[in-house]
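Student: could you work out the structure for the sequence below:
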Amino acid sequence: MIGTSDRFRQVHVGALALAAIMLPWSEFLLSIAQFLLLGNWLVEGVVRKDFAGRFRRAFTSGPALLFMSFFALHLLGLLWTTDLSWGLDLCRILLPVIAFTPVLASTRPLDTGELRTVLLLGAWSVVASTLFCMAMRYEVIGRGGYRELSIFISHIRLALLLCFSVVVFVVYRPRTAWAGVAHLLAIGWSLFFLDRLSSLLGAGIIALLACYALWRAGQGTTAVLRWSLRSAVILVPLAIGGYVAWCVQAYFQEEPAQLAHLDERSAGGEAYYHDRVAPLRENGHYVWVNVADGELRRAWERRSDRPYTGTDAQGQQLRHTLVRYLASLGVRKDSLGMQALTDADVERVERGIPSVIAGRRDPVRARIDQVLYELEHYRMKGNASGHSVIMRYEFLRAGWAIARENLLFGVGTGDTRPAFAAYYSESNSVLEERWRLRAHNQYLTLLITFGLPGLLWCLFAWVRPAWAHRASTGPLFIPWAIIFLVSCLSEDTLETQMGATFFAYYYALFVFGARRDGEATT
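Tutor: The predicted model follows:
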C-alpha cells in the first residue's frame, strides 16, 4: 500500500500510475504525468536539501548513463543530418528516455505493492479504453475496419498494450475468487479485442509469450514435469503453422487448371471477360473470370444509386469492389450472380466492403486471407501499393539498399525520410507516391540512421543496463522485452510518441525503478 506520511512519495507513485493509465488514451495527459513526475522530483530535492545529490546519483550511475546514451546518440546524429527539423522532432519524441530514467535511477525503487498497483491500474486502463472503443466504433467491425476500431492511439500500439496487459493480469493473480474472475474476464476481453483488431503481430506476440510462460513454468518442478512443459513449447508453433497451412489450402481451393475450361458466354449471351494470367482470388475463388460487364452494370444500376463506373464509399472503383464481392460468394459476375446479392450485400458493396466474409469471419483468419490476396496481387501485378504487408517488403528492400551505402556512419538522425525519397525516385519504384514510406523496422532504421557501429551501440545501451540491474529476475521484464523487441521487427516503434513512451517508461520502471528481491526498501 502507498503510505500517507510521505506526500512526495505519493505524488511520485501517483505520477507513474498516471503515466501507465494514460498510455492508451492521451498524449497530452501522458505528457502531464511526465511533467508531474519531474516536477515532484525537483521540488522534493529542494525541500529535502538533496537537489545536487539526486542529480549526482542520476548522472553518475553507469547503467543509467548508458541507457540515456541512446538519446544522446540521436543528438549526436544531428551533426551530419540535412533535415534538421525532422531530426529535432525525433529527439523530441525520445524525450521520455531522459524524463523517466534520471528520476527512477535516483529515487527509492517501488516496492512490490507499489509496482503492482501501478501496473494493474495501467492494465485496467487499457481494458477500459478498448471497451470505450468498442462502444463508440462497433459498426466498423461489420466492414472490416480494424484500424478505425482504435480511437485514441494507433491500433498497432494498442495491440502491444493489450499483450502486456494480459501478462500483468496473469502475473498478478488475485487471491479472492471475485477478483480472480475479474482478471480472467479481462484477459479474455483483451484477447478478444486483439482478435477484433486483426493483429497478426499481437497474435504472434501472444504465441511467443505462451512459449515463454510454458518454459518458465518448468523451473523448480520435477524433471518429468519440466520436460513435459518444455516439450509443449514445440506444440505452439506447430499449431500455428498447421492453422496457417489450413488457411492457405482453403484460400487456394480453386485449381489453376480450371482456367482452361471457362465458358465463353453468359446465360444471357454476353461474352465473358477472363484474365487467365492474373485472375487473383477472393475467399478462395477467382475474381477476374466470368465477368460480363454489360449485364453486371445493368443489374447493378437497377439496385443502387451509385454508378457502376463510379466509386464506393471508400473511394475505390465500385466495379472492382462489386466483382470481388461476387467472387467471394463463389458466383459469376453477371446478371445471375447479381441475383445472389441480398439488399444487405448491395449496401456492403456501396460501403466499399470487397468480400462477403469481411467483418463476419474471425478477424485473424480474415487478415491471413487478406495477406494471401496481397501476396498473389504482388506476384501477378508487381505493384504493392496500398497492401500493408507487401509494402513492408518494398520498404525493407529500399532500407537495406540505403543502409549498405551508409554502413559506417549512417545518414544522420533526420535524414531517413530524404534518403528513402531519393532511393524511390532513383530506382523508379513501383510504389505510388503516397505509399513511399520508411523502413517499418526499428533495427533497420537505426542501421540506416547511425550505421553498423551506431546500431550495435543502441542494442548494447538496451541490454547492458538491464543485465547490470538483474531486471530479468523480475517476472515482467522479459515478457515486456519480448513484446517490444518483436514489435521493432515490423514497426518503427520509437518514431511515434506512444511507442517511444511505451519503451522508455517500462524500461526505466523495470530496470531502474523496481526493487529486486533482497534489495533494501529504504
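
Student: identify the single longest helix in the protein, thanks.
Tutor: helix 223-251 (DSSP state H).

Student: pLDDT averaged over that one, what's the number?
Tutor: Across helix 223-251, pLDDT averages out at 81.

Student: buried stuff in it?
Tutor: L229, R230, V233, V236, C247, Y251 (16 or more other Cβ atoms under 10 Å). Backbone N, C-alpha and C define where each C-beta goes, glycine included.

Student: I32: which of the residues you listed is nearest?
Tutor: Nearest to I32 among the buried residues of helix 223-251 is V236, at 40.8 Å by Cβ to Cβ.

Student: who's in contact with that closest one?
Tutor: Shown in contact with V236 (Cβ atoms under 8 Å, 6 or more residues apart in numbering): A207, A210, C211, L214.

Student: hmm, L229 and the last one touching each other?
Tutor: Yes: under the criterion of Cβ atoms under 8 Å, L214 lies in contact with L229, with a separation of 5.1 Å.

Student: look at the nearest residue to S472 once chain neighbours are set aside and report its pLDDT.
Tutor: Sequence neighbours aside, I478 is the residue nearest to S472 in space, at 5.5 Å (criterion: Cβ to Cβ, 6 or more residues apart in numbering). Looking at I478, its pLDDT is 95.

Student: quick one: neighbours of I478, just the number.
Tutor: 18 (other Cβ atoms under 10 Å).

Student: next helix or strand past the strand or helix carrying it?
Tutor: Using DSSP states H and E, I478 sits in helix 477-490. Next in sequence after helix 477-490, counting helices and strands by DSSP H and E, comes helix 497-511.

Student: that following helix vs helix 477-490, what angle?
Tutor: Angle of helix 497-511 versus helix 477-490, following axes from the mean of the first three to the mean of the last three Cα atoms, to 10 degrees, is 150 degrees.

Student: next up, the contacts around E432.
Tutor: E432 neighbours (Cβ under 8 Å, 6+ apart): S385, G386.

Student: ok, now how distant is it from R319?
Tutor: 20 Å (Cβ to Cβ, to the nearest Å).

Student: go on, L437?
Tutor: Per Cβ to Cβ, L437 is found 28 Å from R319.

Student: repeat for A182
Tutor: Applying Cβ to Cβ to A182 and R319 gives a distance of 50 Å.

Student: compare those two and say which one has the larger neighbour count.
Tutor: Between A182 and R319, counted using other Cβ under 10 Å, R319 has the larger neighbour count: 20 against 15.

Student: let me know the secondary structure of the closest residue to the more buried one other than its chain neighbours.
Tutor: Leaving out its chain neighbours, the residue that sits closest to R319 by Cβ to Cβ, 6+ apart is Y308, at 5.9 Å. Assigned with DSSP: H, G, I helix; E, B strand; the rest coil, Y308 falls in the coil class.

Student: just the strands in the protein please.
Tutor: 281-282, 285-286 (DSSP state E).

Student: weakest of these by average pLDDT?
Tutor: strand 281-282 has the lowest average pLDDT among the strands of the chain, namely a mean of 84.

Student: residues contacting it, please?
Tutor: Counting by Cβ under 8 Å, 6+ apart, 251-252, 254, 287, 324-325, 327-328, 354-355, 372-373, 376 sit against strand 281-282.

Student: make it 7 Å
Tutor: For strand 281-282, contacts defined as Cβ atoms under 7 Å, 6 or more residues apart in numbering pick out Y251, V287, R324, A327, S328, P354, S355, Y373, E376.

Student: next one: stretch 82-96
Tutor: 34, 71, 74-75, 77-78, 81, 412-415, 417-418, 494-495, 497, 500-501, 504-505.

Student: can you check stretch 322-335 too?
Tutor: Contacts of stretch 322-335 (Cβ under 7 Å, 6+ apart): 266, 268, 270, 282-283, 285-287, 290-292, 295-296, 299-300, 337, 340, 345, 349, 354-357.

Student: which among the residues you listed count as buried?
Tutor: Looks like these have 266, 270, 282-283, 285-287, 290-292, 295-296, 299-300, 337, 345, 349, 354-357 buried, using 16+ other Cβ under 10 Å.

Student: next, count neighbours for I482.
Tutor: I482: 18 neighbours (other Cβ under 10 Å).

Student: now do it, the pLDDT please.
Tutor: I482 is given a pLDDT of 96.

Student: contact partners for it?
Tutor: So I482 contacts I205, L208, L209, Y212 (Cβ under 7 Å, 6+ apart).

Student: quick one: it from G474, how far?
Tutor: When I482 is compared with G474 (using Cβ to Cβ), they lie 14 Å apart.

Student: what residues are up against Y423?
Tutor: A398, A401, I402.

Student: format these as CSV; extra columns: pLDDT, distance to L455 and neighbour count.
Tutor: Converted to CSV, these look like this (pLDDT from 0 to 100; distance: Cβ to Cβ, whole Å; neighbours: other Cβ atoms under 10 Å):
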residue, pLDDT, distance to L455, neighbour count
A398, 92, 17, 23
A401, 94, 16, 15
I402, 95, 13, 22
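
Student: fine by me, we can end here.
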